[in-house]
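*Asks:* Please work out how this folds:
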Amino acid sequence: MTTSHENNPSARWVAYRPEIKVLDCTIRDGGLMNDSNFDENTVRAVYNACVEGGIDYMEIGYKNSDKIFAPSEYGAWRWCREEDVRRIVGDRETDVKIAVMADAEKSDYRNDILPKDQSAIDMIRVACYIHQIPLAIEMLKDAQDKGYETTVNLMAISVVQERELEEGIELLTTSKAKAIYLVDSFGNLYSEKIQYLLKKYLKHAKANGMEVGIHAHNNLQLAFANSIEGIVLGANMVDASMGGLGRGAGNCPMELLLGFLHNPKYRIRPILDCVEKHINPLRASLKWGFDLPYMITGCLNRHPRAAMNFLAGKEQGTVSDFYDRMLAGE
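*Replies:* Predicted structure coming up:
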């Protein structure tokens, strides 16, 4: 006898919406904590868990330039070369689509992204800041012309002026991407701001036949709550990572998200198994997740790099000293 919602039809009503797609960003976002130096066993374990768990997309890493990210310092998942991706996914047919992220101004996208019929990758996710939107639109068109699904992540929106943000969203929603993502880069947003922004994104996206996605960070322990808020309001693409692994405070935990969605296609057990055997053992070295320095940068709407440096021992003093320096604008 089981108490799992996976075999309990009466438990599926809460948030069951079949059009919602879940993307696993464990390796891509987690790669910001270890310069993408994951061993193949870990990447393969995450992929297998995505297959067995019914996840829609796995973001296996970045498609960025090795002229910017030196091979002597970074792992294979910063470039996601075709041979590396194929070693993970193999020849078997699965329902999991493979995604990669190409950063504006950091990707040699014209040369490094092959035509879709020559690649095991299914979707290109373009990430940009507000001033990079024209380049992002070019990158999206290049990927679309090559046959890929595309989405776009507009980053650091919590520090963008209202009018500029409105114009940026409007421009990006003419790009023919599958979705535009609301990204809480600094983990600064509370539910009322998620509500306000989601409605703005949806207004422009729906007018252009696009979906809205949400990618939340956990500086204020709100990544899961804000993901739920986005889903309830109409976001149909949601990012999460196993064990919440991601830059700094991390992301919405996949295991929590699947429990909320109540979609019978998703299975939590393979995710739990992967977290226990492959992700949790990385905590001692990668040290992601909620911590006071990340809370401080989240509250103050600052990039988490200062907190990452503090926790890595690159800055001296107490957490209170760190707070004082952040307040002073250091």
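*Asks:* which intervals of this protein have sub-threshold pLDDT?
*Replies:* The model of the chain has pLDDT under 70 over residues 1-15.
*Asks:* Which residue ranges of it form strands?
*Replies:* 21-24, 57-62, 97-103, 123-128, 149-154, 179-183, 211-215, 237-240 (DSSP state E).
*Asks:* Where do the helices of the protein begin and end?
*Replies:* 26-34, 40-53, 82-89, 109-112, 133-145, 162-172, 191-207, 223-233, 254-261, 269-274, 283-286, 292-299, 305-311, 319-327 (DSSP state H).
*Asks:* got a list of what residue 108 touches?
*Replies:* For residue 108, the contacting residues are 65, 67, by CB atoms under 8 Å, 6 or more residues apart in numbering. Heads up, the C-betas are built off the backbone N, CA and C, glycines and all.
*Asks:* Now with 10 Å, please.
*Replies:* 63, 64, 65, 66, 67, 68, 79, 102 (CB atoms under 10 Å, 6 or more residues apart in numbering).
*Asks:* Over to residue 57?
*Replies:* 21-25, 50, 96-99, 122-123, 125, 149, 151, 237, 239.
*Asks:* what's the distance between the nearest residue to it once chain neighbours are set aside and residue 35?
*Replies:* Counting by CB to CB, 6 or more residues apart in numbering, the nearest residue to residue 57 once its immediate chain neighbours are dropped is residue 23, at 4.0 Å. Going from residue 23 to residue 35 by CB to CB, to the nearest Å gives 22 Å.
*Asks:* Could you check which of those two is surrounded by more residues?
*Replies:* residue 23 (26 against 14; other CB atoms under 10 Å).
*Asks:* how's the chain carved up into domains?
*Replies:* Annotated domains of the chain cover 5-285, 291-327 [automatic domain parsing].
*Asks:* on that earlier part again, what residues are bridge-paired with the residue nearest to residue 57?
*Replies:* residue 57, residue 239 (DSSP bridges).
*Asks:* Identify whichever of the helices of the chain lies nearest to residue 75.
*Replies:* Among the helices of the chain, the nearest to residue 75 by CB to CB is helix 26-34 (7.2 Å).
*Asks:* list the buried ones in the closest one?
*Replies:* Going by neighbour count (16 or more other CB atoms under 10 Å), the buried part of helix 26-34 is 26, 27, 28, 29, 30, 31, 32, 33, 34.
*Asks:* Any figure for the gap between the second one and residue 45?
*Replies:* Distance, residue 27 to residue 45, using CB to CB: 10 Å.
*Asks:* same check, this time on the third one
*Replies:* Applying CB to CB, the value for residue 28 to residue 45 is 15 Å.
*Asks:* same check, this time on the first one
*Replies:* If you measure residue 26 against residue 45 using CB to CB, the figure is 10 Å.
*Asks:* go on, the last one?
*Replies:* Here residue 34 is placed at a distance of 16 Å from residue 45 (CB to CB).
*Asks:* still on that earlier bit, find residues that contact each of residue 27 and residue 45.
*Replies:* 38, 88, 242.
*Asks:* now, which of those sits nearest residue 204?
*Replies:* For the shared contacts of residue 27 and residue 45, the nearest to residue 204 is residue 242 (31.7 Å; CB to CB).
*Asks:* ok, now which ones touch the closest one?
*Replies:* 24-27, 30, 45-46, 49-50, 53, 55, 251, 253-255, 270-276, 278-280.
*Asks:* Thought residue 240 was touching residue 231, still the case?
*Replies:* No - using CB atoms under 10 Å, residue 231 is not in contact with residue 240; the gap is 11.2 Å.
*Asks:* what's the overlap in contacts for the two?
*Replies:* 214, 257.
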